[in-house]
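Asker: sequence plus the predicted model coming up.
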Amino acid sequence: MNRSPRHRQYNEVQIKTANKGQLIVLLYQGALRNMRKALLQLEEKDMEGKGNSLIKAQDIILELMCALDQSMLEEGNELAANLQRLYLYCYRQLVQANLKMAPKPIEEVIELLANLLEAWEQVAANGGGDGGIHPTVALTG
């Protein structure tokens, strides 16, 4: 789907004015949107589209991993380490789903990330994301 220039401009403004918590929410929303799209494309036997959508979701998950605070990971922070493991697991599940053309791994990752999205939405709604508020303690900032 091609988006209008006005829609793209709105998205750019939204990203530029968001705090870290809001950016994480946007990343989760983008990953979920692409995974849901991939499920539809899989049903429709659109293998190229499914592949592209899953790759976009994988890229977003990598971006979430890069957002983790490396110093906290090095210190052995449990939350940061758990998020890193979860993101790696999700990434691998999407790779397998893409290779095997299987919807179950995609559905599992959607469920995992949808639950985390709820927590991030609460943090962002409470103005969190710039001051190390849980779960943002695991993020750079």
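Answerer: Structure's in. What do you need? Residues are numbered from 1 along each chain as shown.
Asker: only C-alpha atoms for contact and neighbour calcs from this point on.
Answerer: Will do.
Asker: state the mean pLDDT of stretch 44-51.
Answerer: For stretch 44-51, mean pLDDT is 96.
Asker: quick one: contacts of that stretch?
Answerer: Contact with stretch 44-51 is made by K37, A38, L39, Q41, L42, N98, as judged by Cα atoms under 8 Å, 6 or more residues apart in numbering.
Asker: gap between the fourth one and N77?
Answerer: Q41 sits 39 Å away from N77 when distances are taken as Cα to Cα, to the nearest Å.
Asker: between the contacts of stretch 44-51, which is nearest L23?
Answerer: Using Cα to Cα, K37 comes nearest to L23 of the contacts of stretch 44-51, at 21.0 Å.
Asker: skipping adjacent residues, who's closest to that closest one in space?
Answerer: S53 (6.7 Å; Cα to Cα, 6 or more residues apart in numbering).
Asker: how near is the residue positioned nearest the centre of the chain to P5?
Answerer: Nearest to the geometric centre of the chain sits Y28, at 3.4 Å (Cα atoms, centre = their mean). Using Cα to Cα, we find Y28 at a distance of 23 Å from P5.
Asker: please apply the same query to A102.
Answerer: Relative to P5, and taking Cα to Cα, A102 is found at 35 Å.
Asker: same question for A97.
Answerer: Counting by Cα to Cα, the gap from A97 to P5 is 33 Å.
Asker: same question for S71.
Answerer: 39 Å.
Asker: what does Q122 give?
Answerer: As judged by Cα to Cα, Q122 and P5 stand 30 Å apart.
Asker: more neighbours, these two?
Answerer: Applying other Cα atoms under 10 Å to Q122 and P5 shows that Q122 carries more neighbours, namely 14 against 9.
Asker: quick one: contacts of the strand or helix carrying Q84?
Answerer: Q84 is located in helix 78-100, with elements delineated by DSSP states H and E. Here helix 78-100 makes contact (Cα under 8 Å, 6+ apart) with 50-51, 54, 58, 61-62, 64-65, 68-69, 72-73, 102-106, 109, 135, 137-139.
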